[in-house]
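Peer 1: Here is my input, please return the structure:
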Amino acid sequence: MEFVRKKLSIDEGETRLLSCPIESVSPYALMIAPVYVPLRANGKFVAIKGPLDFFSPEELARFRTFESLFFHESVEDALRFREVGRELRALLRWTPPITATKDRIVLEPAPFEISDAVLKITGPLLGPDMTIEPFYVTVLVNEVCDLLPGSLLHASREKDVKQHELALFRSSLVVLLALILGKNELSFLNSLRIETLELEIGERVEIPGSDEIRELQQLARQWIPNGDCDQITIPEADALTHLRAERKLLRRLGRVRNEMAPDAPQAPSLRGPRGFLSV
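Peer 2: This next block holds a predicted model:
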């Protein structure tokens, strides 16, 4: 993604950037903010990776002499979505503890209980105006799912950077919408994400699946029409639509609008005071 400040003075960087040990950065993890390294001889922090870019193992080895990478302050907003993603992943992977006795049996949660928990966890992220920016959806889903294969990331980015980012946005939204509709198997969500990304970059003509999944992919294209889409705005529950999946989604999200949105904090923006698209 494009961002405004490619260089910062040492003084400004030490004020606005957050350090992260390079050993904690995984190969092929999508970056959730611009990443800088200090060139103190030049008196600058210089950006080496943009948001949604990634490090190959070779790049991490090359930069290891810096010991720490420095992330733009917007990372603090993105971390909220990353933590929610990790909470969702833990929920989907949860299994009952082995504590059963003849008098006490611990059962796995029913699918409707997981779906209800997913809605309660994700709903407040939409804020009081029921909007969310595609970038933050991608940050969240990148924590829910396994990391994308490095070979796929390289192939997608080298083919067309703009389409690569749009494919990341749309495939992430499809996963989030599927979660909200009750698709709670992590293996299924991993496959759905990869297959939708491949579809968006032209590596697939069609992916196997139900009409509902195809409708979610169509809906992702409608809600994120291009890579410059600033935000996704959730329609009202009674909005006219010919997509059955969208009608189901809007009914579910109507609960968020009525019960959670009024008290939810305002969703962050990449163009807000701390956003990396702001000067």
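Peer 1: hey, where'd the helices end up in this protein?
Peer 2: Secondary structure of the chain by DSSP state H: the helices cover 10-16, 57-63, 75-93, 111-122, 134-144, 150-159, 161-180, 186-200, 211-223, 244-255.
Peer 1: how about these in TSV, adding distance to residue 48?
Peer 2: Yep, even glycine has a C-beta here, placed from its N, CA and C like the rest. Below are the helices of the chain laid out as TSV (distance: least, Cβ to Cβ, whole Å):
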stretch	distance to residue 48
helix 10-16	13
helix 57-63	7
helix 75-93	15
helix 111-122	32
helix 134-144	19
helix 150-159	15
helix 161-180	16
helix 186-200	24
helix 211-223	30
helix 244-255	38
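Peer 1: Figure out which of those is closest to residue 34.
Peer 2: helix 75-93 (8.7 Å; Cβ to Cβ).
Peer 1: how far does the closest one sit from the chain's center?
Peer 2: 9 Å (Cα atoms, centre = their mean, to the nearest Å).
Peer 1: give me the low-pLDDT residue ranges for the stretch 1-150 of the chain?
Peer 2: For the stretch 1-150 of the chain, applying pLDDT under 70 flags the ranges 96-107.
Peer 1: can you rerun that using 80?
Peer 2: Filtered on pLDDT under 80, the stretch 1-150 of the chain yields the residue ranges 95-112.
Peer 1: how many neighbours does residue 197 have?
Peer 2: Using other Cβ atoms under 10 Å, the number of residues around residue 197 comes to 22.
Peer 1: which residue sits closest to it, ignoring its sequence neighbours?
Peer 2: residue 171 (4.1 Å; Cβ to Cβ, 6 or more residues apart in numbering).
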